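Student: build me a model from this:
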Amino acid sequence: MPSLEDLDELPFKLFDDHDTGISSISSSIYEAFGIVTTGIEPLEITPTGAVITGYIKSARRSEIRLGTYVFVPYEDGEKLFAKVGKLQYRQEFVTDDATEIHSMRTLSARANPINEADYKFLTCLDPLCILYLKTDGVLSRRMADRIPRPNTPILPITDRFEVQIGLNIPEKGIFLGHLSVGGELLKTHSEPETVAYYLRNDYLMGDPLVFRHMLICGSTGTGKTFLSKNILRQFMNENNRYKLRNSSDQSTKNPNPCLVIMDPQDEYSQLFEDNETLSEDDKFRLESEKVAYGGVEHTKTFVAKVAGQKYPGDKSRADQSEFTIPFSFVKENYWLIAAAGMTELQYIGLEVLLEDFFKSRVHGTYLDFINHINNEGTRSHYIDSGKIHESSYDGIVRKVKSSSFSKVFDQDALPVTDILGKIFKPGQISVFPTEYISDTRIRDLIVLTIMSLIVDNKLSTTGKKAIKETPIILALDEAHRYLSKANGEHSRLIISRFADAARQGRKEALGLFLITQDPQDIDDTVFKQVNTKLILNLNNDAAITSLKVPKEYERRIPYLKKGQMIIHSPDNSDIVEIVGLSNCVVRHR
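Tutor: Now for the predicted structure:
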């Protein structure tokens, strides 16, 4: 046999660039989960999918979960960023473990524990992207267009920045929570070790996503209010400013937003208060990730004066102001006093009555209007002239004569239309509580009035300056009550108006922040405009289906723990799971 020194004299030529079958990428065998293998299926990547199988070492098997993020290096320094899409066991040796004898031996208390090394533990990787350095040295991502070599190590994620690039998460913006897998926070070797999830809030790629609207949905008791407080507080950071188009006042070119909250449980006035339970360690962690905390000094509570009802106002020290809704506001918003069950003919008749009434009485009150339509001469005039059918007229009178309306219109307080400059101020949180009102019809009237004020003035070219030239985030709790699928003329008009507002939100600096446990009830014309969905635990199949998330995430929703959520925001990042903060950044009692 020739010696190594005599190899040059062999009758055949050796390959200079031989391949031993083992990747030359240096990586600690202790760090890797396992290797990419062709021992089960061939490696494959196509325009529609990929087959990349990994063999997981026995010592690391307990660390792998569905959705675990990993990367597989290429020899030129690029990395395949992927997540675990499937897990399976296969027999290592030719044995039959599906027999009665085997099962009895295994279940016997005297039996030895199963040797897991007797089985192959395999994972199928779903490629998300390839991480690479551009010519200017900046880390970027592109679609997965190449496969890794066999026997390449499958490595855990250790760099926070690589995770954010890999999942297309902005490096800064509005903080929503921390990236997680199966409810457990994703940890890296960076400092801090967790991966913060931010919502894009700048103009580098278009308008901030809050003006593409947000939805928080979850069953009762899943922490919607807690989460909403934490997120809404981030929008009130002093440095958070938005551009205004066509502003007549150049000095307010980039004002802070005004946060307007419709509050059915009287909880959001607590945004004024610090959370006194936050420790110094808590505050340090929040500051390290630029998470705003502490009460907002410019928080005001606006209370609708309702006869026979009193707002306790004992949950917060925020400044309180009373207001009333003048009946004259109905002049441009007939639908506010139209009952949900009103027919189309009745609604048309109501429009005629109100239009004629306000022609003669610009500042007529609700009682003036009732006295007017109760008058027999008025009734005869409209019926005899054929303007309104007799049955329609009588139906209108029955539905408009309501003790609810008499308790809320024209009360002894400043009209809401006279204090717009006090309500809609940049940098202010304006809270409208309704819990103290026992009549749901009055609650709805108050909420719809404030919503209409915002939408009408935002969409109108001659809108009031206080609203037109202030970026507004409208937080609407129990959104399904006001934006439900159109059922009749009354609902159709409400939905039509808010669909227009949603479509023009970017142009008019109006962001909708919708909170609900029944997302399936929100009308599709509004729902389709919502770009960012934060999905907490839901057990209603119809609600889950309405969210239109990929099946793999849809199946997880009923099992989400409190504070755990799915984020579906196509213009911000890949769909991911996150966990919200364990502490509220303001008071929450």
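Student: look up how far Thr99 lies from Ser569.
Tutor: Distance of Ser569 to Thr99, given as Cβ to Cβ, to the nearest Å: 51 Å. All C-beta atoms are positioned from the backbone trio N, CA, C, and that covers glycine.
Student: of these two, which one has the most company?
Tutor: Ser569 (23 against 10; other Cβ atoms under 10 Å).
Student: does Glu86 belong to a helix or a strand, and which?
Tutor: Quick fix: residue 86 reads Lys, not Glu. Assigned by DSSP states H and E, Lys86 belongs to strand 79-91.
Student: correction: the previous question concerned Gln265.
Tutor: Gln265 belongs to no helix or strand, assigned by DSSP H and E.
Student: in space, what's closest to Lys187 - neighbours in sequence excluded?
Tutor: Glu193 (4.8 Å; Cβ to Cβ, 6 or more residues apart in numbering).
Student: do the same with Leu176
Tutor: Nearest non-adjacent residue to Leu176 (Cβ to Cβ, 6+ apart): Tyr197, at 5.0 Å.
Student: convert the C-alpha atoms of the helix or strand where the one you found lies to PDB, please.
Tutor: Per DSSP H and E, Tyr197 falls inside strand 196-199. C-alpha atoms of strand 196-199 as PDB (Å, rounded to 0.1, in the frame of the first residue of the first chain):
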ATOM      1  CA  ALA A 196     -39.500  44.200  22.400                       C
ATOM      2  CA  TYR A 197     -42.300  44.400  19.800                       C
ATOM      3  CA  TYR A 198     -42.900  47.900  18.500                       C
ATOM      4  CA  LEU A 199     -45.600  49.200  16.200                       C
END
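Student: partner strands of that strand, with direction?
Tutor: Using DSSP bridges, strand 196-199 pairs in its sheet with strand 174-181 (antiparallel).
Student: now do the partner strand: distance to the chain's middle.
Tutor: Its chain's average C-alpha position is 12 Å from that of strand 174-181, according to Cα atoms, centre = their mean, to the nearest Å.
Student: so what angle separates the directions of it and strand 79-91?
Tutor: Following axes from the mean of the first three to the mean of the last three Cα atoms, to 10 degrees, one obtains 30 degrees for the angle between strand 174-181 and strand 79-91.
Student: tell me the pLDDT of Ile35.
Tutor: For Ile35, the model assigns a pLDDT of 96.
Student: can you tell me the element it falls in?
Tutor: Per DSSP H and E: strand 34-36 holds Ile35.
Student: pull the residues that contact that strand.
Tutor: Residues from elsewhere that reach strand 34-36 (Cβ atoms under 8 Å, 6 or more residues apart in numbering): 43, 52-57, 60, 72, 123, 125, 148-154.
Student: strand partners (parallel or antiparallel) of the next helix or strand after the strand holding Tyr197?
Tutor: The C-terminal neighbour of strand 196-199 among helices and strands, as given by DSSP H and E, is strand 214-217. Strand 214-217 sits in its sheet next to strand 510-516 (parallel), strand 532-535 (parallel), going by DSSP bridges.
Student: let me have those strands in a markdown table, extended by distance to Arg245.
Tutor: Shown next, in a markdown table, are the strands paired with strand 214-217 (distance: least, Cβ to Cβ, whole Å):
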| stretch | distance to Arg245 |
| --- | --- |
| strand 510-516 | 12 |
| strand 532-535 | 22 |
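Student: coming back round to it: any idea how far the residue nearest to Lys187 is from Leu128?
Tutor: 21 Å.
Student: who's more crowded, these two?
Tutor: Higher neighbour count among Glu193 and Leu128: Leu128, with 19 against 13, using other Cβ under 10 Å.
Student: what's the neighbour count on the spatially closest residue to Asp202 that is not a sequence neighbour?
Tutor: Once flanking residues are discounted, Asp202 sits nearest to Pro208: 6.5 Å by Cβ to Cβ, 6+ apart. Pro208: 23 surrounding residues under other Cβ under 10 Å.
Student: same check, this time on Lys134
Tutor: 9.
Student: mind listing what it touches?
Tutor: Contacts of Lys134 (Cβ under 8 Å, 6+ apart): Ser140.
Student: now that we're looking at it, what pLDDT does it have?
Tutor: 95.
Student: what's the spacing between it and Leu176?
Tutor: 28 Å.
Student: contact partners of stretch 431-451?
Tutor: So stretch 431-451 is contacted by 260-266, 268-269, 271, 299-304, 306, 309-312, 318, 325, 329, 333, 336, 402, 404-405, 407-408, 416, 474, 476, 481-482, 494, 498 (Cβ under 8 Å, 6+ apart).
Student: report the buried residues of that stretch.
Tutor: 431-434, 437, 439, 442-451 (16 or more other Cβ atoms under 10 Å).
Student: and of the residues you listed, the nearest to Glu390?
Tutor: Distance to Glu390 across those (Cβ to Cβ) is lowest for Leu445, with 28.1 Å.
Student: centre of the chain to the helix or strand where the closest one lies, how far?
Tutor: Element membership of Leu445 [criterion: DSSP H and E] is helix 440-459. Helix 440-459 sits 23 Å away from the centroid of its parent chain (Cα atoms, centre = their mean).
Student: equivalent analysis for stretch 153-171, please.
Tutor: 22 Å.
Student: how far does it stretch from one end to the other?
Tutor: Terminal residues of stretch 153-171 lie 28 Å apart, using Cα to Cα, to the nearest Å.
Student: okay, buried residues for that stretch please.
Tutor: Per 16+ other Cβ under 10 Å, stretch 153-171 contains these buried residues: 153-157, 159-160, 162-170.
Student: same check on stretch 170-187?
Tutor: For stretch 170-187, by 16+ other Cβ under 10 Å, it's Pro170, Gly173, Ile174, Phe175, Leu176, Gly177, His178, Leu179, Ser180, Val181, Leu186, Lys187.
Student: considering these, which is situated nearest to Ser288?
Tutor: Phe175 (11.4 Å).
Student: which residue packs closest to that closest one, ignoring adjacent ones?
Tutor: Using Cβ to Cβ, 6+ apart, the closest residue to Phe175 is Val291 (4.8 Å).
Student: all helices for the stretch 301-450 of the chain, in order.
Tutor: Under the criterion DSSP state H, counting those that start in this stretch, the stretch 301-450 of the chain carries helices at the ranges 344-360, 366-374, 376-384, 390-400, 403-408, 420-423, 440-459.
Student: select, out of the ones you listed, the one closest to Arg233.
Tutor: Closest among the helices of the stretch 301-450 of the chain, using Cβ to Cβ: helix 420-423, at 19.6 Å.
Student: could you export the closest one as CSV, CA atoms only?
Tutor: Extracted in CSV, the C-alpha atoms of helix 420-423 (Å, rounded to 0.1, in the frame of the first residue of the first chain):
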residue,chain,number,x,y,z
LEU,A,420,-64.6,71.7,21.5
GLY,A,421,-61.3,73.7,22.2
LYS,A,422,-61.3,72.4,25.7
ILE,A,423,-61.9,68.7,24.7
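Student: who are the packing partners of that helix?
Tutor: Helix 420-423 makes packing contacts with strand 299-304, helix 465-468 when contacts are defined by 3 or more Cβ pairs under 8 Å, 6 or more residues apart in numbering; DSSP states H and E.
Student: could you identify which of these is most buried?
Tutor: The highest average neighbour count among the helices and strands packed on helix 420-423, using mean count of other Cβ atoms under 10 Å, belongs to strand 299-304 at a mean of 22.
Student: and the angle from it to helix 440-459?
Tutor: 120 degrees.
Student: any idea of the mean pLDDT for strand 299-304?
Tutor: pLDDT averaged over strand 299-304 gives 98.
Student: mind listing what it pairs with, with the direction of each?
Tutor: strand 319-323 (parallel), strand 429-433 (parallel).
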